[in-house]
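Novice: Give me a 3D structure for the following:
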Amino acid sequence: MRLAIISDIHANIQALTRVLHKCDEIGADEIICLGDVIGYGGNPNECCELLRERCEVVLMGNHDAAVIGVMDTDYYYEAARKALYWTRGELSEENFRWLYSLPYSHLREDIDCAFFHAAPILPSAFYYVVRNEEAEALTRMKTGLLGHNFIGHSHLTTTYEYTGKRVKDVSGNYRCKAGARYLVNVGSVGQPRDRNPDSCFVLFDTETRQMAHVRIDYDIASAAARIRQVGLDEKFARRLAVGV
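Specialist: Numbers count the residues shown, from 1 in each chain. Down below sits the predicted model:
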């Protein structure tokens with residue numbers, strides 16, 4: 001089975017549409033979204049509706065949680081808070097209720113895969129994993145980590161390999177080793193921050209254990225224009241073109 005794992009859409013319908021089309025082109029059997037459907041971008045309802053139609057599983061991200069009121073918005077800086085409040089006012093009742101229903105994690109022991117928005121330790125706290133030290137901390141977990149663990153939140157594309165108590169950064173395309181466990185930052189569909197503005201998602205083959213980060217360009221100008229049109233902060237539009 002070929003899994004497409006997407007994350008951090010951030011109400012960018014232009015990017016999401018392109019990524020879903022790419023998933024169809026490459027023959028993905030399932031699409032799983034790790035959250036942050038909304039926030040920063042100008043098309044929250046359209047993204048919610050498309051993901052509800054196309055994804056087998058959608059998780060709750062921190063922006064989703066803040067918009068629906070189950071996370072304190074004081075955690076965010078002013079421009080991000082304004083985007084959250086604007087999004088809250090824009091969401092349809094149906095999409096608001098759908099976001100409220102989303103889980104924080106999804107485990108698939110049949111294929112040895114686990115899915116989270118952020119670090120697997122207390123998923124509702126939305127901790128980052130962006131350095132080896134943070135990845136190493138997870139070796140203390142006795143439960144929760146399966147063979148292949150996919151996370152979003154950081155908008156980066158790092159991959160960590162666990163062999164016993166050792167953790168190694170193995171970022172890039174790879175075939176998993178027998179007996180090792182993996183933690184994969186899948187990148188962002190709608191707001192990449194690894195200095196590459198192209199949308200990013202992960203394609204994972206559950207039979208061959210081959211994993212790849214897939215990059216695809218999209219209409220950045222239209223996504224940025226929509227952000228400006230609805231009056232959100234200019235930096236949310238500007239950063240799309242540089243991937244930071």
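
Novice: Give the residue spans of this protein that score low on pLDDT.
Specialist: 139-144, 173 (pLDDT under 70).

Novice: Can you show me the strands along this structure?
Specialist: Secondary structure of the chain (DSSP state E): strands at 2-6, 30-33, 57-58, 105-108, 113-116, 148-151, 159-163, 166-169, 174-175, 181-185, 199-205, 210-216.

Novice: Can you redo the ones you listed as a markdown table, where the extra columns are mean neighbour count?
Specialist: (Each C-beta comes from the backbone N, C-alpha and C, glycine too.) Converted to a markdown table, the strands of the chain look like this (neighbours: other Cβ atoms under 10 Å):
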| stretch | mean neighbour count |
| --- | --- |
| strand 2-6 | 24 |
| strand 30-33 | 22 |
| strand 57-58 | 20 |
| strand 105-108 | 17 |
| strand 113-116 | 24 |
| strand 148-151 | 25 |
| strand 159-163 | 19 |
| strand 166-169 | 14 |
| strand 174-175 | 12 |
| strand 181-185 | 24 |
| strand 199-205 | 24 |
| strand 210-216 | 18 |
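
Novice: can I get the ones you listed in JSON lines with distance to Glu78?
Specialist: JSON lines is the format used below for the strands of the chain (distance: least, Cβ to Cβ, whole Å):
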{"stretch": "strand 2-6", "distance to Glu78": "28"}
{"stretch": "strand 30-33", "distance to Glu78": "28"}
{"stretch": "strand 57-58", "distance to Glu78": "28"}
{"stretch": "strand 105-108", "distance to Glu78": "30"}
{"stretch": "strand 113-116", "distance to Glu78": "28"}
{"stretch": "strand 148-151", "distance to Glu78": "27"}
{"stretch": "strand 159-163", "distance to Glu78": "33"}
{"stretch": "strand 166-169", "distance to Glu78": "34"}
{"stretch": "strand 174-175", "distance to Glu78": "40"}
{"stretch": "strand 181-185", "distance to Glu78": "27"}
{"stretch": "strand 199-205", "distance to Glu78": "27"}
{"stretch": "strand 210-216", "distance to Glu78": "32"}
